[in-house]
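Trainee: Okay, sequence plus prediction incoming.
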Amino acid sequence: MKVIARGPNFIAHGPDFCDVEVKDCDGKVWKFDFDKWAGPLWLKKDGGQRKCQYPCKKAWDAFDKWHKKHNK
């Protein structure tokens, strides 16, 4: 865990992986930041947070492949 700030009642940290890109079966690129406690934060092409955090099944399938590879 990468600690950014500490206080008497909290520990704040950033994501474990930043600006990850995966391709779905149609070749569409999906970007996200990943935190092992909060899960993926889906991003737009410019790196901003997507309004909808529930992408299609193809995106989740690509994410699952990535997660199995990096969840050690």
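Mentor: Thanks, I have it. Everything numeric in this text was worked out from a predicted model, so none of it was measured.
Trainee: pLDDT weak spots in this structure?
Mentor: 1-13, 72 (pLDDT under 70).
Trainee: Do you have the helices of it handy? List them.
Mentor: 57-70 (DSSP state H).
Trainee: the strands in it, which residues?
Mentor: Counting by DSSP state E, the chain has strands at residues 3-6, 11-13, 17-23, 29-35, 39-43.
Trainee: can the ones you listed go into JSON lines with extra columns for distance to His67 and mean neighbour count?
Mentor: C-beta coordinates here come from the backbone N, C-alpha and C atoms, glycine included. Below are the strands of the chain laid out as JSON lines (distance: least, C-beta to C-beta, whole Å; neighbours: other C-beta atoms under 10 Å):
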{"stretch": "strand 3-6", "distance to His67": "23", "mean neighbour count": "9"}
{"stretch": "strand 11-13", "distance to His67": "19", "mean neighbour count": "11"}
{"stretch": "strand 17-23", "distance to His67": "10", "mean neighbour count": "14"}
{"stretch": "strand 29-35", "distance to His67": "8", "mean neighbour count": "18"}
{"stretch": "strand 39-43", "distance to His67": "8", "mean neighbour count": "17"}
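Trainee: Pull the contacting residues for Cys18.
Mentor: Contacts for Cys18 (C-beta atoms under 8 Å, 6 or more residues apart in numbering) come out as Asp33.
Trainee: distance of it from Leu41?
Mentor: Counting by C-beta to C-beta, to the nearest Å, the gap from Cys18 to Leu41 is 10 Å.
Trainee: what do these two both touch?
Mentor: Contacts common to Cys18 and Leu41, judged by C-beta under 8 Å, 6+ apart, are Asp33.
Trainee: just so I know, which of the strands of the chain lies nearest Lys57?
Mentor: Closest to Lys57 of those, according to C-beta to C-beta: strand 29-35, at 11.8 Å.
Trainee: Name the strands paired with that closest one and say parallel or antiparallel.
Mentor: Note on strand 29-35: by DSSP bridges, its sheet partners are strand 17-23 (antiparallel), strand 39-43 (antiparallel).
Trainee: Lys58 is in contact with Lys23, correct?
Mentor: No. Counting by C-beta atoms under 8 Å, Lys23 sits too far from Lys58 to count as a contact (9.6 Å).
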